[in-house]
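Q: all I have is the shape, not the residue letters:
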């Protein structure tokens, strides 16, 4: 698995950046530093000036890669969805049953993320926290329609479609697969945020991951399928 992950190339739409940050050590430092800084202070307080100070570079150098902090956020979010899609593809390999694949997919999409040591300049655990708290700011903008035409959100759409295809293997007549899976992803992120910051808006059960269990239950009940409980 490590060999496979170390050989992958995550593709991000080239409308997002001016120069591919993967193409140089400075670009990779920009990505590494931006994840650290966004995780620490949030998108509102994040500036290229503060990022330049953190990575010992200049604002002008960062602007050669990204025209704005919004585009940098778009890059990070898009990279995350492409990475998640690849994890999903690998995680579902050699599983023949679509029901088992769907259950595994929902678990992957709703479980906490751990750092992938094979990609040294990106801390996926921190990036996951950024996606949870900041990803809606990447599309709740006045420019969303134009950016959508440019294909900026294609990696998110591909991830959702991959799981929708599994749903259609199970039930070709189910009408709302995209709505169901995007609700699972966005809703589970909200619940992770609530668990950390607004715990009275979610439900905690000692000894279990209630978020994974809830959304798995929701998906299969929506499809009218009963799944066997995992035995410990």
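A: Structure received. Just so we're clear, the structure is a prediction, and the values are computed from it rather than from any experiment.
Q: could you point out where this structure is predicted with low confidence?
A: Low-confidence segments of the chain, defined by pLDDT under 70: 1-8, 227-232.
Q: would you map the helices across it?
A: 2-6, 25-41, 48-55, 59-63, 69-91, 98-110, 124-134, 144-149, 154-170, 177-197, 210-222 (DSSP state H).
Q: okay, the ones you listed in JSON lines with distance to residue 17 next?
A: In this view, the C-beta of every residue, glycine as well, is placed from N, C-alpha and C. Shown next, in JSON lines, are those (distance: least, Cβ to Cβ, whole Å):
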{"stretch": "helix 2-6", "distance to residue 17": "23"}
{"stretch": "helix 25-41", "distance to residue 17": "9"}
{"stretch": "helix 48-55", "distance to residue 17": "14"}
{"stretch": "helix 59-63", "distance to residue 17": "11"}
{"stretch": "helix 69-91", "distance to residue 17": "6"}
{"stretch": "helix 98-110", "distance to residue 17": "26"}
{"stretch": "helix 124-134", "distance to residue 17": "16"}
{"stretch": "helix 144-149", "distance to residue 17": "13"}
{"stretch": "helix 154-170", "distance to residue 17": "14"}
{"stretch": "helix 177-197", "distance to residue 17": "24"}
{"stretch": "helix 210-222", "distance to residue 17": "33"}
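Q: figure out which of those helices is closest to residue 19.
A: Set against residue 19 and scored by Cβ to Cβ, the helices of the chain come closest in helix 25-41, at 6.8 Å.
Q: pretty sure residue 223 sits against residue 172.
A: No - contact criterion Cβ atoms under 8 Å: residue 223 and residue 172 do not qualify, at 11.6 Å.
Q: neighbour-wise, which of these two wins?
A: Between residue 223 and residue 172, counted using other Cβ atoms under 10 Å, the more crowded position is residue 223 (17 against 7).
Q: please name the nearest non-neighbouring residue to that one.
A: Using Cβ to Cβ, 6 or more residues apart in numbering and skipping the chain neighbours, the partner closest in space to residue 223 is residue 171 (5.7 Å).
Q: residues shared between the contacts of residue 223 and residue 172?
A: Residues touching both residue 223 and residue 172 (Cβ atoms under 8 Å, 6 or more residues apart in numbering): there are none.
Q: test my guess that residue 114 contacts residue 127.
A: No - Residue 114 is not in contact with residue 127 according to Cβ under 8 Å; the separation is 11.4 Å.
Q: between these two, who's got more neighbours?
A: Legend: neighbour count by other Cβ under 10 Å for residue 114 and residue 127, higher for residue 127 (23 against 9).
Q: tell me the spacing between that one and residue 83.
A: Distance check for residue 127 against residue 83: by Cβ to Cβ, to the nearest Å, it reads 8 Å.
Q: for residue 92, which residues are in contact?
A: Here residue 92 is in contact with 101, 104, 105, 166 (Cβ under 8 Å, 6+ apart).
Q: now do the spatially closest residue to the third one that is not a sequence neighbour against residue 126, distance only.
A: Spelled out, that is residue 105. Nearest residue to residue 105, sequence neighbours excluded (Cβ to Cβ, 6+ apart): residue 163, at 4.9 Å. To residue 126, residue 163 is 25 Å away according to Cβ to Cβ.
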